[in-house]
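Undergrad: Below: sequence and its predicted model.
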Amino acid sequence: MISGIIIATCVVAGVGIVIGIILGIADMKLHVDVDEKEAAILEALPGNNCGGCGYPGCSGCAAAIAKGEAAVNQCPVGGPAVAATISGIMGVEAGESKRMVAFVHCHGDCDNASQQYEYNGVSDCRLQTQAPGGGSKTCPFGCLGGGSCVQVCQFDAIHVVNGVAVVDKEECKACGKCIEICPHHLIDLIPYDAGEAVACKSQDMGKLVNQYCKVGCIACHICEKNCPAGAITVENNVATIDQEKCTHCGTCVEKCPKKAIVNV
C-alpha cells in the first residue's frame, strides 16, 4: 500500500517536472520583448479605449506612437497634457495641439421645427430613420432627437434638450463617437475657441425650409456677402464657415435673418 502511494507520488512529481520544463522552453521560444516606450505611452494614455485616435483602443494607439506611425498628440481625449508626457517619452517636441469639440449643426428643436407626427418608438435615431417619412420631423436633414449620440458618448458631453442634441463643449473630448453614429451626419468637430457656427445642414430650397423650420438656413447669401474675412460660402443651399479664416467678428450672427448662425 505504502509503495503504491510512493510510486503515484513520484509519477505525479515527474509529470509536473516534465510539464514545467516544456512550459519553460515554450516561454523562451514564444517570448516577445516588451517595448518600454510603448508600455510607458500606454500608461500615459487615459485608457478610455474610445477609438477617437483612429486606432483600436489605447494599446493600438500606444503601439503606433512608439513606432513613429502616429503623432505624440494623436489622443484627442488626453489633450495637450498627455501629448506633453508622451513627447517626453519619445524625446520629441509635442507641437501645437488645437482643442476640438463636437458641434451639432441643427437647432431645430420642438419650438422651431415642425413635426409630421409624434414618435413613440425606441429612442434610437437610426431606427427613427426607418419610420414613415424618415422620422417625426418634417425636415429630412434635422436632428431626430433619438439620443443615439447620447448613448455612445463616454463623457456625458451630449444631451437631448427640447428634442435636439446639444454638446457641452467643456465635457467633450472630441472622440468622434457621436459623429459616427448620427444618421443625418449633423455632427462634426470645430475648434473649442470657435466663435460662430451654422446650426443647420438642410440642403432644401429656402421656400421649403421656411415651411418646416423657423431657424433653418435658406441660402440667402447674406452671411456670405457680409463676412469681412471671406470665411463663409453657401453650397448646396446651406452656409458653411471656414473656421481657419473666421475672425469671430460676429457679423454673420448679426446679419442672418433666420438666426441659423449661432455663437458657440
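TA: Right, received. Where do you want to start? Numbers count the residues shown, from 1 in each chain.

Undergrad: how near is G206 to I6?
TA: Note on G206: its distance to I6, by CB to CB, to the nearest Å, is 97 Å. (Each C-beta comes from the backbone N, C-alpha and C, glycine too.)

Undergrad: The two: which has the busier surroundings?
TA: Neighbours per residue (other CB atoms under 10 Å) separate G206 from I6, with G206 holding more: 15 against 10.

Undergrad: For that one, list the residues it contacts.
TA: Residues counted as contacts of G206 (CB atoms under 8 Å, 6 or more residues apart in numbering) are 218-220, 237.

Undergrad: which pair in the residues you listed spans the largest distance?
TA: Taking every pair in the contacts of G206 and measuring CB to CB, the maximum separation is 10.1 Å, between C220 and N237.

Undergrad: Tell me the one among the contacts of G206 nearest to C58.
TA: Within the contacts of G206, the smallest distance to C58 is 41.5 Å, found for N237 (CB to CB).

Undergrad: residues contacting the closest one?
TA: Residues touching N237, when contacts are defined by CB under 8 Å, 6+ apart, comprise 202-206, 209, 217, 219.

Undergrad: L144 now?
TA: 125, 128-129, 135-137, 183-184.

Undergrad: ok, now A39?
TA: Contacts of A39 were listed using CB under 8 Å, 6+ apart, and they are A62.

Undergrad: Tell me the confidence at it?
TA: Predicted confidence (pLDDT) for A39: 88.

Undergrad: in what helix or strand does it lie?
TA: Counting by DSSP states H and E, the element that carries A39 is helix 36-44.

Undergrad: which parts of that helix are buried?
TA: Applying a neighbour-count criterion of 16 or more other CB atoms under 10 Å, the buried positions in helix 36-44 are 37-38, 40-42, 44.

Undergrad: For the nearest residue to C139 once chain neighbours are set aside, give me its contacts.
TA: With CB to CB, 6 or more residues apart in numbering as the criterion, C139 has its nearest non-adjacent residue at 4.8 Å, and that residue is Y212. When contacts are counted by CB under 8 Å, 6+ apart, Y212 is found next to 113-114, 137-139.

Undergrad: about what we covered before: show me how to select, in PyMOL, the buried members of the contacts of L144.
TA: Only the buried members of the contacts of L144 enter the following PyMOL selection, criterion being 16+ other CB under 10 Å:
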select buried, resi 125+128+135+136+137+183+184
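
Undergrad: D109: neighbour count?
TA: Burial of D109 is recorded as 20 neighbouring residues (other CB under 10 Å).

Undergrad: So it is in contact with G142, correct?
TA: No. Using CB atoms under 8 Å, D109 makes no contact with G142, being 9.4 Å away.

Undergrad: what is in contact with these two at once?
TA: Common neighbours of D109 and G142 (criterion: CB under 8 Å, 6+ apart): V164.

Undergrad: Just the buried positions in stretch 234-246, please.
TA: In terms of neighbour count (16+ other CB under 10 Å), stretch 234-246 has its buried residues at 234, 237-241, 243, 246.

Undergrad: Nearest to A71 among these?
TA: The shortest separation between A71 and any of the buried residues of stretch 234-246 is 20.4 Å, and it belongs to Q243 (by CB to CB).

Undergrad: All good on my end, thank you.
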